[in-house]
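> predicted structure and sequence below. I'll ask about it afterward.
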Amino acid sequence: MAAPFNRCQNFRLSRWLEKVTLLGKRFASSTSVPINKLLIANRGEIACRIMRTARKMGIQTVAVYSDADRNSMHTAMADEAYNIGPAASQHSYLDAAKVLDVAKRSGAQAVHPGYGFLSENTEFAELCQKEGIIFIGPPPSAIRDMGIKSTSKAIMAAAGVPVVLGYHGGDQSDQTLLSEAKKVGFPVMIKAVRGGGGKGMRIAMTESKFLEQLESARREALKSFANQEMLIEKYIEMPRHVEVQVFGDQHGNYVYLFERDCSVQRRHQKIIEEAPAPGISEEVRRELGEAAVKAARAVDYVGAGTVEFIMDKHQKFFFMEMNTRLQVEHPVTEMITGTDLVEWQIKVAAGEVLPMMQESLQLRGHAFETRIYAEDPDNNFMPGAGHLHHISTPLPDSATRIETGVRQGDEVSVHYDPMIAKLVVWADDRQAALRRLRNCLSEYNIVGLKTNVKFLSALSANREFELGKVHTDFIPQHQEALFPKSELPDHVLCQAVLALVFNHRQGIKEITAKTSDPYTPFADGSGGRLNHKLTSVIMLNCGDNELVVEVTFDSIDEFTIGFGGRKYKATAIVEIRDNASELTCVLDGVTSKAKVVLQGQTVHVFTKDGSHELTIPTPEFMTASGGGTVLGGAVAPMPGIIEKIAVKPGDKVQVGDALVIMIAMKMEYVIRAHKEGIVEAIPYKPGDSVQKDAQLIKFVEDDSKEPEEEVKI
């Protein structure tokens, strides 16, 4: 049987010596140092989040930005902003020398790394220390020890924190890793030693799949962390992901701020988090908190940290990893404790004592956070990028937070994480918080690219989720319920039609106002006629369904709408604001409201019950001379960068063969063949950037068959 750790005995003496050294440094540096100017070495929503707290504390802020973020929200919010290079993060946000140069030039006394990028980079923390700049985070030694998963497991085991059975050794040969996986027993989890955020992580369910998954995990880890060392752990099926927020100061004080449940994930990445964890007893809550503090003490931790545990169905928990930074989901902890963790970070980094001790921390109410992503849940949560044509959100208040780094009109870039915003809600109990969450999601309307808002609405309304029966396999287990077949209610179709009528009327008025006869009665768009009522036919598509709708203009704001043998008497009031129509309509005496946004040929209808998309078909005369379809080949399912091409011209491919490996939004995607064929041409090379639907590989069927269909993931 594989040992849970390999090097615990070697750590005791070395850790004792490190503690003596660190305590000396801590004693020398524990005097409070005022921070008047702060550089945020990050972008997007977390940069904006940190700036809001800094502004509240009277601290000036300095932003850094890449060429792609020149006009971004975080750049505009800062008191000062400095360009640090091209869009690619390795030449901008990951370039420690450039960030430190800005810190020195701007006169910033401290650097807050946010999360991601340089936040868990030992070398960067050491450089800050060397330059006399305060790094708002833990000591470099803690980042190093907790950043290397094999080291962290050994330290935790030596400290008495329960760890999962696995292999964390230095021999990284395929043969050794496979052998150790057999000892642990399949299924196993393959994890990047320096990994995090679900990157460099794969599950091998059987021995036959192990080497393929190992190679994929190594590639992604090398790209994300410049290190491809792996560890092997026993995979606990249907586990819960429960984590504890801890905090330490430079005076040896430690607290835990209770737990969060982050079990519901896709691609091993969180999309919804809540605090406290549902169904956890007070005894287990205390044990989790005490184990987390024990973990923090073991590495002389300072600042905000998160100790992640994996929990089985019996509520037995095991150390998974420690994130030595502020977590994306920290707002739910703030909501249930009434704290500002960024303010705590700044104060602790300045040498102050923790604002509150354990006995003063009280858990109140329940909070949820949903991560709103540019992605397509119907296409395996494929990340996207593009223009944010329209954004409207619920109104923020003391129980509702919108954490975002983008505005209407901004671009979601292919170069960075596709998260658009975090929606955070709080209420007195879990059921009340869920109701608030569902209502707020119905008011979060985005047009311009596909998002997961509709999926999050279905998830939050799921009965099993409502009961708190969460685990990491929740989405695949409830696939059918979470992806219901979309049906178009009659009243939504009527709302879409009425919005089109009123937008057409508004368009006619605007055009007529610019003519030589602005008062002509034939251009008011009202549909008025002397001896008969005007009836217009509107064609719409909903998915594969073609809809034919007849609209009879009974008066200026009264209509008869007919389709499918059914007719409705309708009246409507429409206010056109910005690029959206706020619609209040009465159908056969029933009043309903909707927001309708037109984008090109697409009609987006948002109601309290959900959202729907309809398209206006393009007339045949406009498409008759089109260029036709793309012949057989692999097409890019999203914008991204070509990482590897697994075939060459002339190769014969079989169903399931890997053709191209792409990197998009920092994640690896393998594009496989859906049919047999022969590679004819490869227009791109590794390193090239491609747009969605770009043809990556052209191939034809063997034996002079007809060309293949487009290959998608």
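Alright, I've got the coordinates.

> on contacts alone, who are the packing partners of the strand or helix carrying Ala76?
Secondary structure from DSSP states H and E places Ala76 in helix 73-77. Here helix 73-77 touches helix 44-56, strand 60-65, going by 3 or more C-beta pairs under 8 Å, 6 or more residues apart in numbering; DSSP states H and E. C-betas here are computed from N, CA, C, even on glycine.

> Gln265 is nearest to which of those?
helix 44-56 (19.4 Å; C-beta to C-beta).

> buried residues in that closest one?
With burial defined by 16 or more other C-beta atoms under 10 Å, the residues of helix 44-56 counted as buried are 44-51, 53-54.

> ok so, going back, of the helices and strands packed on helix 73-77, which is nearest Trp426?
The closest of those to Trp426 is helix 44-56. By C-beta to C-beta, the value is 16.5 Å.

> by how many degrees do the closest one and strand 60-65 diverge?
Compare the direction of helix 44-56 with that of strand 60-65 by axes from the mean of the first three to the mean of the last three C-alpha atoms, to 10 degrees and you get 160 degrees.

> off-centre distance for helix 44-56?
Taking C-alpha atoms, centre = their mean, to the nearest Å, the mean C-alpha location of helix 44-56 is offset from the chain mean by 18 Å.

> now for that helix, which elements pack on it?
Contact here means 3+ C-beta pairs under 8 Å, 6+ apart; on that basis helix 44-56 packs against strand 37-40, strand 60-65, helix 73-77, helix 341-349, strand 400-404, strand 419-427.

> just send those back as CSV, with distance to Gly170 too.
CSV is the format used below for these (distance: least, C-beta to C-beta, whole Å):
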stretch, distance to Gly170
strand 37-40, 37
strand 60-65, 36
helix 73-77, 40
helix 341-349, 34
strand 400-404, 40
strand 419-427, 35
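
> which one, of these, ends up nearest to Val102?
Minimum separation from Val102 across the helices and strands packed on helix 44-56 (C-beta to C-beta) falls at strand 60-65, 5.5 Å.

> now that closest one, how far from the chain's geometric center?
The chain centroid and the centroid of strand 60-65 are separated by 23 Å under C-alpha atoms, centre = their mean.

> try stretch 245-264
Using C-alpha atoms, centre = their mean, the offset of stretch 245-264 from its chain centre is 23 Å.

> and if you look at stretch 470-482?
So, by C-alpha atoms, centre = their mean, the centroid of stretch 470-482 is 18 Å from its chain's centroid.

> for the spatially most central residue of the chain, give its distance to Asn452.
The centroid of the chain falls nearest to Met419 when counting by C-alpha atoms, centre = their mean (4.1 Å). Counting by C-beta to C-beta, to the nearest Å, the separation of Met419 from Asn452 is 10 Å.

> anything in contact with each of these two?
Shared contacts of Met419 and Asn452 (C-beta atoms under 8 Å, 6 or more residues apart in numbering): 371-373.

> confirm Ala481 sits in a helix?
Yes - applying DSSP: H, G, I helix; E, B strand; the rest coil, one finds Ala481 inside a helix.

> so where's this structure uncertain?
1-31, 197, 518-531, 619-633, 665-667, 702-713 (pLDDT under 70).

> I'm done for today, thanks for sticking with me.
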